[in-house]
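> Build me a model from this:
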Amino acid sequence: MSSLLKITDLHVAVDEKPILKGVSLELRQGEVHALMGPNGSGKSTLAYTLVGHPKYEITSGTIEIDGTNINELDPCERARLGLFLAFQYPVTIPGVKVADFLRHAVTNIRNPERKEGEGLIPMREFRKELKERMEELGMDLEFARRYLNEGFSGGEKKRMEILQLAMLQPKFALLDETDSGLDSDAVRVVSEGLKKLSGPQMGSLIITHHERLLEYNVPQFTHVMLAGKIVETGNAELAHELHNHGYAAIRERHPAEAAEEQERQAKAQTANAGF
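Presented below is the predicted three-dimensional model:
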């Protein structure tokens with residue numbers, strides 16, 4: 001039976017300000033979901049909440065993996081249960097080589113009972129697997145000897161996250177605007193890499209404004225967020241419609257949420273103006 005990530009009536013606040021207002025969604029292994037919506041609608045908030053970022057407070061609702069409530073679990077425990085987040089802006093860690101980072105990450109995911117000071121995954125075994133994954137993704141082996149994201153181009157940072165996906169083999173991959181700031185060639189490389197890793201053992205939630213990442217990874221489900229709520233769910237045609245025509249029709253069909261969004265934007269503009 002495939003694993004299930006189930007989000008039920010999720011409400012989330014940041015600094016006591018409500019952001020998510022009753023989000024429900026189910027993602028199974030093997031499925032591809034797209035999550036779209038205007039800036040500030042709550043897409044990234046959902047992703048960070050799912051992986052346990054401490055800034056995001058769950059005020060009600062549940063997140064479950066195979067029936068286990070993970071609301072109170074820390075990010076490491078959630079990762080061991082199969083969650084992975086590809087960041088919009090991956091961080092740089094000078095002095096830590098890609099290979100060393102991946103070896104520690106793989107060990108911690110696969111051997112959750114390992115005590116501090118116990119050995120990592122055997123080097124020979126790890127190098128063999130890393131080489132195989134990099135060759136599958138068409139990556140230069142020298143990449144593994146570089147410091148994590150230091151001096152990387154935008155495309156290299158995103159390919160690094162695809163390599164992490166390949167090594168960690170999560171049940172559920174959350175991709176937060178992975179196509180942001182990339183040129184067409186880089187998007188194609190990342191899209192093809194994700195496609196190679198997709199299959200019955202991994203469900204994907206692709207957060208995006210655009211359709212480029214979805215050309216190779218066609219979603220069975222497309223969800224649209226507005227004012228912290230999922231207001232519509234459809235198939236790949238919905239993503240195509242939003243790409244071509246924007247969110248005007250969505251706002252017309254959901255006037256209450258559109259009014260909330262407009263009010264939030266007005267407050268943000270007032271705050272930025274110093275009033």
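> could you say which helix or strand contains the closest residue to residue 190 other than its chain neighbours?
Spatially, and ignoring its direct neighbours in sequence, residue 190 is nearest to residue 158 (4.8 Å; C-beta to C-beta, 6 or more residues apart in numbering). Backbone N, C-alpha and C define where each C-beta goes, glycine included. Element membership for residue 158 (DSSP states H and E) is helix 154-168.
> quick one: contacts for residue 12?
18, 19, 20, 42, 45, 46, 49, 56, 57, 58, 59 (C-beta atoms under 8 Å, 6 or more residues apart in numbering).
> For it, grab phi and psi.
Here is the backbone geometry of residue 12 (degrees, to the nearest 10): phi -140, psi 140.
> Give me the contacts around stretch 156-163.
Under C-beta under 8 Å, 6+ apart, the answer for stretch 156-163 is 86-87, 90, 98, 102, 133-134, 137, 139, 143, 148-149, 152, 178, 182, 186, 189-190, 193-194, 197.
> Go again with 7 Å.
86, 90, 98, 133-134, 137, 139, 149, 152, 178, 182, 186, 189-190, 193-194 (C-beta atoms under 7 Å, 6 or more residues apart in numbering).
> Pick out the most distant pair among those.
Within those, 133 and 182 form the most distant pair, 21.2 Å apart (C-beta to C-beta).
> which residue ranges form the strands in the stretch 1-150 of the chain?
4-14, 17-28, 32-36, 57-65, 68-69, 83-86, 93-97, 147-148 (DSSP state E, counting those that start in this stretch).
> which one is residue 98 nearest to, not counting chain neighbours?
The shortest distance from residue 98 to any non-neighbouring residue, by C-beta to C-beta, 6+ apart, is to residue 144 (4.8 Å).
> Now do the same for residue 271: its pLDDT.
Predicted confidence (pLDDT) for residue 271: 63.
> before we move on, back to that, looking at the contacts of residue 12, which one is closest to residue 224?
Minimum distance to residue 224 across the contacts of residue 12 is 11.2 Å, recorded for residue 42 (C-beta to C-beta).
> on that earlier part again, hmm, residue 131 and the residue nearest to residue 98 touching each other?
No: with contact defined as C-beta atoms under 7 Å, residue 144 and residue 131 do not form a contacting pair (8.5 Å).
> More neighbours: which of these two?
Counted by other C-beta atoms under 10 Å, residue 144 and residue 131 do not tie: residue 144 has more neighbours, with 20 against 13.
> residues touching residue 50, list them.
63, 83, 174.
> Based on its surroundings, how many neighbours for the second one?
By other C-beta under 10 Å, the residues close to residue 83 number 23.
> do the same with the first one
Using other C-beta under 10 Å, residue 63 is surrounded by 24 other residues.
> which one of the contacts of stretch 156-163 is nearest residue 120?
Nearest to residue 120 out of the contacts of stretch 156-163 is residue 98 (C-beta to C-beta; 15.0 Å).
> what about that closest one, how many residues close to it?
A count of nearby residues for residue 98, using other C-beta under 10 Å, gives 23.
> Which strands or helices does the helix ranked longest in the chain pack on?
The longest helix of the chain (DSSP state H) is helix 255-272. On a contact count with 3 or more C-beta pairs under 7 Å, 6 or more residues apart in numbering; DSSP states H and E, helix 255-272 meets strand 221-226.
> Just checking: what are the partner strands of the strand it packs on?
According to DSSP bridges, strand 221-226 forms sheet pairs with strand 32-36 (parallel), strand 229-234 (antiparallel).
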